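Participant: Whatever this is, show me its structure:
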Amino acid sequence: MQTTATQGTNDVLTRADVLTEDELDTLPMGMIQLDRNGTVLKFNQAESSLAHVDKKDAIGKSFFDEVAPCTKVQQFHGAFLQGLEQRNLHTVFPYQFRFRDGRQKNVVISMFYSASTDTVWVLVQRPQA
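Facilitator: Numbering: from 1, shown residues only. Have a look, this model is predicted:
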């Protein structure tokens, strides 16, 4: 049985491709769309606030090398690569972002492969209390 939060996350991920930029910006969780190379295609306002990274500074950059290099680990980057290879990805895991300035932030990551756009959506949420 899915919790309301899990169902809400799944709904957002499955509708992500059709959400406008304004709709993405109204979501209460971070949403990032990555192409096959890991380049940021979309980066919503909630993620900008969570990560302290301006949207315009993230879009067009390599997520794993330039935007969030702390994610270039097997758990995150490895899952991304495997999902692209298999063209199938829907995973959820806890993660701790470690920022260059020493800050750390515990989050829950959901990653979803979209066959219709051949991209991966990354949803970033604060853990449930």
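Participant: Residue ranges in this structure under the pLDDT threshold?
Facilitator: Across the chain, residues meeting the criterion (pLDDT under 70) sit at 1-10, 129.
Participant: in it, which strand has the most residues?
Facilitator: Using DSSP state E to define each element, the chain has its longest strand at strand 104-114.
Participant: Any chance you could list what contacts that strand?
Facilitator: Residues from elsewhere that reach strand 104-114 (C-beta atoms under 8 Å, 6 or more residues apart in numbering): 9, 13-14, 16-17, 30, 50, 76, 79-80, 83-84, 87-99, 119-128. All C-beta atoms are positioned from the backbone trio N, CA, C, and that covers glycine.
Participant: how far is that strand from where the chain is centred?
Facilitator: Centroid separation between strand 104-114 and its chain, computed with C-alpha atoms, centre = their mean, to the nearest Å, is 5 Å.
Participant: rewinding a little: buried ones among the contacts of strand 104-114?
Facilitator: Taking 16 or more other C-beta atoms under 10 Å as the criterion, what is buried in the contacts of strand 104-114 is 9, 13, 16, 30, 50, 76, 79-80, 83-84, 89, 95, 97, 119-125.
Participant: Just the ones of those in strands?
Facilitator: G30, Y95, F97, T119, V120, W121, V122, L123, V124, Q125.
Participant: For L41, state which of these is nearest.
Facilitator: T119 (6.5 Å; C-beta to C-beta).
Participant: How about the contacts made by the closest one?
Facilitator: D17, Q33, L34, D35, R36, L41, Y113.
Participant: Report the beta-bridge partners for it.
Facilitator: S114 (DSSP bridges).
Participant: same deal with M31?
Facilitator: According to DSSP bridges, the partner residues bridging M31 are L123.
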